[in-house]
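S.K.: Sharing a model that was predicted from the sequence below.
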Amino acid sequence: MEIIKLRDEFIKLGQALKAANLVEDGVEAKYVIQDGLVTVNGEVDTRRGRKLYDGDVVAYDGQEIKIVK
């Protein structure tokens with residue numbers, strides 16, 4: 001599981017996927033999120049701008065990202 005440490009209060013979903021190197025760029029992040037391939041805390045979320053906070057867990061393509069403060 002990849003850990004992303006927050007520098008601010010939150011990170012957006014698309015940025016988190018890029019920071020964890022699960023996607024190449026923002027365009028790829030946009031498509032995988034829109035296509036319903038990404039879950040946040042076990043539920044599909046299609047909003048690229050979804051704000052992630054401490055404790056959130058993102059899953060994509062068999063990989064998980066945990067957001068920590």
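M.R.: Sure thing, it's come through. Numbers count the residues shown, from 1 in each chain.
S.K.: Give the other helices and strands that the top helix by length along the chain contacts.
M.R.: As assigned by DSSP state H, the longest helix anywhere in the chain is helix 26-34. In terms of contacts (3 or more C-beta pairs under 8 Å, 6 or more residues apart in numbering; DSSP states H and E), helix 26-34 is packed against helix 13-19. From N, CA and C alone the C-beta is placed, and that goes for glycine too.
S.K.: what's near enough to touch the nearest residue to residue 38 once chain neighbours are set aside?
M.R.: Sequence neighbours aside, residue 60 is the residue nearest to residue 38 in space, at 4.7 Å (criterion: C-beta to C-beta, 6 or more residues apart in numbering). In this structure, residue 60 makes contact with 17, 22, 23, 32, 37, 38, 39, judged by C-beta atoms under 8 Å, 6 or more residues apart in numbering.
S.K.: what does the model give residue 60 for pLDDT?
M.R.: The score at residue 60 is 97. That number is its pLDDT.
S.K.: how far away is it from residue 43?
M.R.: Here residue 60 is placed at a distance of 13 Å from residue 43 (C-beta to C-beta, to the nearest Å).
S.K.: quick one, strands of the protein?
M.R.: Per DSSP state E, the chain carries strands over the ranges 2-5, 11-12, 38-40, 43-44, 51-52, 57-60, 63-68.
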